[in-house]
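Asks: I would like the atomic coordinates for the input below:
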Amino acid sequence: MVNDNNVILGDCLEVLRDIPPESVNLIYLDPPFFTGRRHRSATRNGDKQYAFDDVWIDSDDYLNFLAKRLSACKRIMKKDASIFVHCDHNNVQFARQVLDLTFGSDNFQSDIVWFYKRWSNAKRGLLQQHQTILFYSMDCSFKWRPMLLDYSATTNIDQILQKRTRDMRGKSVYATDVTGNIVYGKEKRGVPLGDVWDIPFLNPKAKERTGFPTQKPVILLERIINLTTDEDDLVVDPFCGSGTTLVAAKLTKRRYLGIDILPDAVALTKSRLDNPVRTESALMRDGIEAYTNHDPWVESHLVGLSYSRIQRNSGMDAILKESIGGKNVFLRVQRENEALSQTVFLLENAIKNKGDAIGFVIATHDEPLVMRESNVRVLRSPAMQLNHTLAHHFGGDVSSSSFPRKFSEAVSGF
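Replies: Numbering: from 1, shown residues only. Next up is the predicted model:
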């Protein structure tokens, strides 16, 4: 007999046999991905190294490994239980094949896409930005606790307020009464959760990050647990790795059981359970708009340049898409109530740790500036250039030759 709220060292195939039949409410497993290589990683300070092998004789060897363990999982699942199998592009086709044979294709519920953004080295082909979680149940009576999300910014008020029905062709239409008046719906609680989950990958500075190669974010596992279990239900992870499933179960007041064949994984999981930590995602809390700079003043003074807008940086506004002389070029536009010297100072500080970079301030006010030795230069905005040109032709003292006609002229000295 295996006790709840426990982490066990061993092959899950053997340990699962000691769990009573039909006793588990949810199983989540993140098995080896059939990558054909040894996975290594380390803690942030490099004090601890983690490694495991994901090497197989052939696909039949992998299929046999997976089939035996999924069959053992099925034996311990309650009639209303669910199972989630985490995959990537290497093994999803094998996992789907085995799951269909084990649980029946009729009990396939969802192909969940976990979407995230990660920086990666450039490669030929598309950048991988998702993994797949296959969701199966024992039968159609699986436990389900619906989750609703806020309406999107593109949803208009009619879509929210008006009741919908189906016409004679089965097409969804807005409902009207016998006199043709619009029928309004009742409470509007939100949109049901879909099968594409935009949940950020753990960033290198996340508090919960352990350095284990396959670690997933706690909020991802919390979502799975909250959707398919109630408090005090039993959650099992046969390949618990860094222990994220168990941490999520503990934080959501579920019972848990983790299994792993690696002593380091078991030790790490136990230490995390002693002090469970969830990294709050500011992106999910505040939305993408909180990280997006929309400043018409800045953008109006960058018209005509090929640039990428820089977010979450108070010292620079943009970076040119093409380098100049092998150097990255950063831009900052002088604000309406900002002294030019302050604009230059902010950009200098922002790029001082950016390697061999060039900075250009786009001046929007006509004021003198004594330039010192610096990797930041000042250019007049197009509007200022036009004003100087007009002043020159209509009696002013400003020479149009005192400023560059093209951006390329301004950087020719670098």
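Asks: how about low-confidence regions in the chain?
Replies: Within the chain, the set of residues satisfying pLDDT under 70 comprises 119-122, 153, 156-161, 185-188, 281-293, 369-371, 394-414.
Asks: Partner strands of the longest strand seen in the chain and their direction?
Replies: With secondary structure taken from DSSP state E, the chain has its longest strand at strand 77-87. The pairing partners recorded for strand 77-87 under DSSP bridges are strand 24-29 (parallel), strand 130-137 (antiparallel).
Asks: what about the first one, distance to the chain center?
Replies: So that's strand 24-29. 24 Å (C-alpha atoms, centre = their mean, to the nearest Å).
Asks: Skip ahead from it and say which helix or strand is next.
Replies: Counting by DSSP states H and E, the next helix or strand C-terminal to strand 24-29 is strand 37-42.
Asks: Serialize the strands paired with strand 77-87 to TSV and add fields for mean neighbour count.
Replies: Using the backbone N, CA and C atoms, a C-beta is placed for each residue, glycine as well. Below are the strands paired with strand 77-87 laid out as TSV (neighbours: other C-beta atoms under 10 Å):
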stretch	mean neighbour count
strand 24-29	24
strand 130-137	20
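Asks: all helices in the stretch 251-400 of the chain, in order from the N-terminus.
Replies: Using DSSP state H, counting those that start in this stretch, the helices of the stretch 251-400 of the chain run over residues 263-274, 282-286, 296-300, 340-351, 382-393.
Asks: coming back round to it: which elements pack onto the helix or strand immediately after the longest strand of the chain in the chain?
Replies: Sequence order places helix 92-103 as the next helix or strand after strand 77-87, per DSSP H and E. On a contact count with 3 or more C-beta pairs under 8 Å, 6 or more residues apart in numbering; DSSP states H and E, helix 92-103 meets helix 59-76, strand 77-87, strand 130-137.
Asks: Take the helices of the stretch 251-400 of the chain and write them to JSON lines, including distance to Ser374 and mean neighbour count.
Replies: Output for the helices of the stretch 251-400 of the chain, formatted as JSON lines (distance: least, C-beta to C-beta, whole Å; neighbours: other C-beta atoms under 10 Å):
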{"stretch": "helix 263-274", "distance to Ser374": "48", "mean neighbour count": "17"}
{"stretch": "helix 282-286", "distance to Ser374": "34", "mean neighbour count": "11"}
{"stretch": "helix 296-300", "distance to Ser374": "21", "mean neighbour count": "13"}
{"stretch": "helix 340-351", "distance to Ser374": "6", "mean neighbour count": "18"}
{"stretch": "helix 382-393", "distance to Ser374": "20", "mean neighbour count": "15"}
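Asks: okay if I get these as a markdown table plus distance to Tyr307?
Replies: Output for the helices of the stretch 251-400 of the chain, formatted as a markdown table (distance: least, C-beta to C-beta, whole Å):
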| stretch | distance to Tyr307 |
| --- | --- |
| helix 263-274 | 43 |
| helix 282-286 | 23 |
| helix 296-300 | 10 |
| helix 340-351 | 14 |
| helix 382-393 | 15 |
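Asks: quick one, which of the ones you listed is nearest to Val361?
Replies: helix 340-351 (5.1 Å; C-beta to C-beta).
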